[in-house]
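Undergrad: Provide a 3D model corresponding to the input given below.
(chains A and B)
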Amino acid sequence: SQKIEQNSEALNIQEGKTATLTCNYTNYSPAYLQWYRQDPGRGPVFLLLIRENEKEKRKERLKVTFDTTLKQSLFHITASQPADSATYLCALWYNAGNMLTFGGGTRLMVKP
Amino acid sequence: EPEVTQTPSHQVTQMGQEVILRCVPISNHLYFYWYRQILGQKVEFLVSFYNNEISEKSEIFDDQFSVERPDGSNFTLKIRSTKLEDSAMYFCASSPQGQMGEAFFGQGTRLTVV
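TA: Predicted coordinates:
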């Protein structure tokens, strides 16, 4: 069965540094990979989508890479701020868009 | 900005009772989903709905669960006989184009079964 793995340990970094989060997946070759942000008690909020033929995607301070050979995506936040503190979720569509499946998420804490 | 709205925000129910969680997806979206998140755990897929029928469901979505789109705007999740382990945050989501785009999530209904 498909599996999406994210580092379950919280990532603590200093304000201004770059945060890098990892998402690995198995048993699947997705056409699209997405990243979401989730704050406590709230629903996930879409951040970025990257296609299989794109190596890298950027949006403001966010950057996502997608290595289909390694079956891995990296999510970077540059010049991190305390407001970036949240849980970041990697997600893949399965079954022709009928099922968006999430990894367990990585909690990011940015300290001032 | 269009958003997915869910009601109620919090529901407390007795074990064995039926509950209906309500959602209003974004109006021009075609794909609808329900997810649940037990406290401290991952967001888990329950069911997807497209063209007025279930298109995919997970193992969690057993016979005690059902979904309906009774009119052009509402999308409901019914749990027939709630169990303690159904206590969780339930999120509704909608998407305009399935896998080629993003999913938009509501703020959730916190269900507490006592």
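
Undergrad: remind me which helix or strand the closest residue to residue A:66 other than its chain neighbours belongs to.
TA: With sequence-adjacent residues excluded and distances taken as C-beta to C-beta, 6 or more residues apart in numbering or on different chains, residue A:66 is closest to residue A:50, at 4.5 Å. In short, each C-beta sits where N, CA and C put it, glycine included. Taking DSSP states H and E as the criterion, residue A:50 maps to strand A:45-51.

Undergrad: okay, now the sheet partners of that strand, with direction.
TA: Within its sheet, strand A:45-51 is paired with strand A:32-38 (antiparallel), according to DSSP bridges.

Undergrad: which residues are contacting the partner strand?
TA: When contacts are defined by C-beta atoms under 8 Å, 6 or more residues apart in numbering or on different chains, strand A:32-38 is touched by residues A:23, A:25, A:44-52, A:62, A:64, A:66, A:73, A:75, A:86-93, A:100, A:102, A:105, B:43, B:99-100, B:102.

Undergrad: what of stretch A:46-53?
TA: By C-beta under 8 Å, 6+ apart, stretch A:46-53 touches A:29-37, A:56-57, A:59, A:62, A:64-66, A:68, A:73, A:75, A:88, B:101-104.

Undergrad: likewise for stretch B:8-24?
TA: Here stretch B:8-24 has contacts from B:4-7, B:32, B:34, B:73-84, B:90, B:92, B:106-114, using C-beta under 8 Å, 6+ apart.

Undergrad: can you do 6 Å?
TA: B:5-7, B:73-82, B:90, B:92, B:106, B:109-113 (C-beta atoms under 6 Å, 6 or more residues apart in numbering or on different chains).

Undergrad: so which of the contacts of stretch A:46-53 are in strands?
TA: Among these, the ones falling in strands (DSSP state E) are A:32-37, A:56-57, A:59, A:62, A:64-66, A:73, A:75, A:88, B:104.

Undergrad: just the buried subset of these, please.
TA: If you count burial by 16 or more other C-beta atoms under 10 Å in any protein chain shown, the buried members of the ones in strands among the contacts of stretch A:46-53 come out as A:32-37, A:57, A:62, A:64-66, A:73, A:75, A:88, B:104.

Undergrad: near chain B, which residues of chain A?
TA: Chain A comes close to chain B at residues A:32, A:43-44, A:46, A:93, A:95, A:97-102, A:104, as judged by C-beta under 6 Å from any C-beta of the partner chain.

Undergrad: burial count for the residue in chain B that chain A sits nearest to?
TA: As assessed by C-beta to the nearest C-beta, chain A sits closest to residue B:98 within chain B, at 2.6 Å. Per other C-beta atoms under 10 Å in any protein chain shown, the neighbour tally for residue B:98 reads 21.
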